[in-house]
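> Take a look and give me a structure for this.
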Amino acid sequence: MSANLSRRQFLLAGASAVALSSSVFAAGKRRPPNIVVIYADDLGYGDISCYGATRVHTPNLDRLAAEGLRMTNGHAPSATCTPSRYALLTGEYAWRHEGVKILPGDAPALILPGKETVPNMLRRAGYKTGVVGKWHLGLGTGTMDWNGTIAPGPLEIGFDYAYYIPATIDRVPCVYVDGHHVVGLDPADPIRVDYRAKVGTDPTGRENPDRLRMRYDDGHDGTIIDGVSRIGWMSGGKAARWADEDMADHLTGKAIGFMEQNRERPFFLYFATNEIHVPRLPAPRFRGATDMGPRGDSIVELDWCVGEVINALDRLGLVDDTLLIFSSDNGPVLDDGYVDGAVERAGGHKPAGPYRSGKYSVYDGGLQVPMIARWPGAITPGQTSSALIDHVDLLASFAALVGQPLAATTGLDSFNMLPALLGQDPIGRSYVIEDTSTSVSEKASLAASGSPSVLALVSDGWKLIAAHGPETSFHGNEIGTAPTSQLYHIASDPGETRNLAGQQPERVAAMSRKLETYRVSGRTRPIA
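Numbers count the residues shown, from 1 in each chain. This is a model prediction of the structure:
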């Protein structure tokens, strides 16, 4: 195979993309592509215009879809953030590990040194690796000293560069971390953080509601940072605290800076945006961009962030050398702890598109998310694909792309979906397992069952939701639980409106057996 062939010829020739990646990239005949993953927060399937939204316009995401592949069957690994991020980076379903759930801001690291991860694997393949934005996978080993070295963290699991928010933007500590240290910290004003009892004398939302610029509900009554009360308590670190409205500019600049500094070699960038998580406080220039209030305006701000990354790739001459993937960590939620008018101003906007419920839910509104891939010359532009794919598959798919073998003990649930990502395979996975976070189950007081999570099996156009406690909801979204199993023919009923379990007991039994086998097996990826 000639080294002068185009990238598209390399990728489309031969039996599979796996063979091509091994024979071309691993053999050093041409540079492997840069990989950029932009991971939005709480963005729903129906929240952007290329997926049907009409009350908010997202021209940059629309451009990505027009120049690449728009997936209509892309799944987040979980209906909540931390489990999805864990699965994306490790190639393992988070529900296999009881402690992987929505974390407080002072939780210890979930992914420890020595664990196989996407950045570890790509670094072995010669990539420079970077993470910018939301982390929320825990830091340290237990009791964190925010005034010293913060480790283990991203740098210990494969990232060469890390500039990040420790948890979520509604949780303390409200600071940026660069590598191992808080940015801009004054040693004379040390940080203290606690999630059990108040520390320091800073005002809180509960005690000082008159000092708030945004009203809270449901537990967001801790320390006031930048006029907004957060979950948890924090004192000190005044000079290091972020300003919410500046965050999109700041983090996008760091992401672009990483690409600029590593343009001469293959790089992997995991850009985990803060948009559109609460508190939604977009930069002033985006206020009023929609008639849906801060949530709609934050979608426009997210689209701007994507556009800046696209423009930087254009400017750096890296468009043809970059596989760019955009998606979201879970489905949408309107009222999630602050009073910002999201529910009242949604109007006819359907954040989850045709799907039922949203974030926190094992119904597909919580798990079906927008997913777009662009790689000029390798992905035919303007495609739409219904191939079934999950973010847990990125580890094995990227490993195939760069010719890196995965040990049998790693990436236990990650399937090589590279042909589907490139638009060559219209089918993708034969099944996927969906779940919602154990912490949501705890908060909703669900009955105990054989699994700590609410699990569902999607296969051959059908979806089985395992029996798990009483029906309940959380933050306005149905969790999807019921005391008996639910069965939906999602191929004809994507909104999961008709429970057919009573009519098809044999199918329920067969799918239940399969789901239990996958649950107890410890893995789903076959051993080669």
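> from here on, contacts and neighbour counts on C-alpha atoms
OK.
> Name the residues that touch stretch 335-350?
Stretch 335-350 is contacted from outside by 46-47, 53-55, 214-220, 278-280, 291-295, 334, 475-476, using C-alpha atoms under 8 Å, 6 or more residues apart in numbering.
> Phi, psi for the residue positioned nearest the centre of the chain please.
When C-alpha atoms, centre = their mean is applied to the chain, the residue found nearest the centroid is Asp329 (2.7 Å). With angles defined as degrees, to the nearest 10, Asp329 sits at phi -80, psi -20.
> now do the one 5 residues further on
Taking degrees, to the nearest 10, you get phi -90, psi -60 for the backbone angles of Leu334.
> can you tell me how far it sits from Gly293?
Counting by C-alpha to C-alpha, to the nearest Å, the gap from Leu334 to Gly293 is 11 Å.
> Equivalent analysis for Arg123, please.
42 Å.
> Equivalent analysis for Met121, please.
Distance from Met121 to Gly293, by C-alpha to C-alpha: 41 Å.
> Go through the contacts of stretch 335-350 and flag which are in helices.
Pro294, Arg295 (DSSP state H).
> Can you select the buried ones among the contacts of stretch 335-350 for me in ChimeraX?
Remark: buried members of those, expressed as a ChimeraX selection using 16 or more other C-alpha atoms under 10 Å:
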select :46,47,53,55,214,215,216,220,278,279,280,292,293,294,295,334,476
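> quick one, what contacts Glu301?
Glu301 touches Ala248, Glu275, Pro282, Ala283, Phe286, counting by C-alpha under 8 Å, 6+ apart.
> Wait, a helix at it?
Yes - counting by DSSP: H, G, I helix; E, B strand; the rest coil, Glu301 falls inside a helix.
> what are the ranges of the helices in the stretch 401-528 of the chain?
Remark: helices assigned in the stretch 401-528 of the chain by DSSP state H, counting those that start in this stretch are 418-421, 438-443, 505-521.
> can you tell which of those is closest to Ala243?
Nearest to Ala243, of all those, is helix 438-443, at 28.9 Å by C-alpha to C-alpha.
> per-residue pLDDT, Lys198?
At Lys198, the predicted lDDT confidence score is 97.
> With Arg356 instead?
Looking at Arg356, its pLDDT stands at 98.
> That one should be in a helix, yeah?
No - with three-state DSSP as the criterion, Arg356 is located in coil rather than a helix.
> so what's it up against?
Neighbouring residues of Arg356 by C-alpha under 8 Å, 6+ apart: Tyr363, Asp364, Gly365, Gly366, Gly495, Glu496.
> My guess is the last one contacts Tyr355. True?
Right, the one you point to is Glu496. Yes - here Glu496 reaches Tyr355: they are 7.5 Å apart, a contact under C-alpha atoms under 8 Å.
> ok but Leu64 is inside a strand, no?
No - read with three-state DSSP, Leu64 is helix and lies in no strand.
> can you count the residues close to it?
Using other C-alpha atoms under 10 Å, Leu64 is surrounded by 24 other residues.
> bridging residues for the nearest residue to it once chain neighbours are set aside?
Nearest non-adjacent residue to Leu64, counting by C-alpha to C-alpha, 6 or more residues apart in numbering: Arg374, 6.4 Å away. Taking DSSP bridges as the rule, Arg374 bridges to Leu324.
> number of nearby residues for Asp460?
Around Asp460 there are 11 residues (other C-alpha under 10 Å).
> Looking at the contacts of Glu301, which are in helices?
Per DSSP H, helices hold the following members of the contacts of Glu301: Ala248.
> of the contacts of Glu301, closest to Leu388?
Distance to Leu388 across those (C-alpha to C-alpha) is lowest for Glu275, with 25.6 Å.
> Got phi/psi on that closest one?
phi -70, psi 140.
> give me every residue that touches it.
Glu275 makes contact with Ala40, Asp41, Asp42, Ala248, Ser298, Ile299, Glu301, Leu302 under the criterion C-alpha under 8 Å, 6+ apart.
> ok, now with 6 Å
Contacts for Glu275 (C-alpha atoms under 6 Å, 6 or more residues apart in numbering) come out as Asp41, Leu302.
> The one 5 residues further on too?
Going by C-alpha under 6 Å, 6+ apart, Arg280 touches Pro294.
> Would you check how far apart it and Asp340 are?
Arg280 is 8 Å from Asp340, by C-alpha to C-alpha.
> which of Glu496 and Tyr355 has more neighbours?
Ranked by neighbour count (other C-alpha under 10 Å), Glu496 and Tyr355 place Tyr355 first, with 25 against 22.
> Most neighbours among the contacts of Arg356, which one is it?
Neighbour counts for the contacts of Arg356, by other C-alpha under 10 Å, peak at Gly366, which reaches 37 neighbours.
> Retrieve the pLDDT associated with it.
For Gly366, pLDDT reads 98.
> Also the one 4 residues further on?
What the model reports for Pro370 is a pLDDT of 98.
> Would you map the strands across the stretch 401-528 of the chain?
431-436, 454-459, 462-465, 473-474, 477-478, 486-488 (DSSP state E, counting those that start in this stretch).
> want to throw those into JSON lines with distance to Ala509, mean pLDDT and mean neighbour count?
Output for these, formatted as JSON lines (distance: least, C-alpha to C-alpha, whole Å; pLDDT from 0 to 100; neighbours: other C-alpha atoms under 10 Å):
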{"stretch": "strand 431-436", "distance to Ala509": "16", "mean pLDDT": "96", "mean neighbour count": "25"}
{"stretch": "strand 454-459", "distance to Ala509": "12", "mean pLDDT": "97", "mean neighbour count": "23"}
{"stretch": "strand 462-465", "distance to Ala509": "10", "mean pLDDT": "98", "mean neighbour count": "26"}
{"stretch": "strand 473-474", "distance to Ala509": "26", "mean pLDDT": "88", "mean neighbour count": "18"}
{"stretch": "strand 477-478", "distance to Ala509": "24", "mean pLDDT": "92", "mean neighbour count": "20"}
{"stretch": "strand 486-488", "distance to Ala509": "10", "mean pLDDT": "98", "mean neighbour count": "23"}
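> Generate JSON lines for those strands, with distance to Arg63 as supplementary columns.
Shown next, in JSON lines, are those (distance: least, C-alpha to C-alpha, whole Å):
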{"stretch": "strand 431-436", "distance to Arg63": "29"}
{"stretch": "strand 454-459", "distance to Arg63": "30"}
{"stretch": "strand 462-465", "distance to Arg63": "32"}
{"stretch": "strand 473-474", "distance to Arg63": "35"}
{"stretch": "strand 477-478", "distance to Arg63": "31"}
{"stretch": "strand 486-488", "distance to Arg63": "34"}
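> Is Val36 in contact with Phe267, as I believe?
No - here Val36 does not reach Phe267: they are 8.1 Å apart, not a contact under C-alpha atoms under 6 Å.
> Just the strands from the stretch 251-400 of the chain, written as ranges.
For the stretch 251-400 of the chain, the strands defined by DSSP E, counting those that start in this stretch occupy 267-272, 322-328, 371-374, 383-385, 389-390.
> Which stretch among those strands is buried most, on average?
The highest mean neighbour count among those, using mean count of other C-alpha atoms under 10 Å, belongs to strand 389-390: a mean of 30.
> That one - contacts with which helices or strands?
If you count contacts as 3 or more C-alpha pairs under 6 Å, 6 or more residues apart in numbering; DSSP states H and E, strand 389-390 packs onto strand 74-75.
> Which elements pack onto the strand it packs on?
In this structure, strand 74-75 packs against strand 389-390, with contacts taken as 3+ C-alpha pairs under 6 Å, 6+ apart.
> Please name the strands paired to the strand it packs on in the sheet, noting orientation.
Here, using DSSP bridges, strand 389-390 pairs with strand 74-75 (parallel).
> Quick one: mean pLDDT over the partner strand.
Strand 74-75 carries an average pLDDT of 98.
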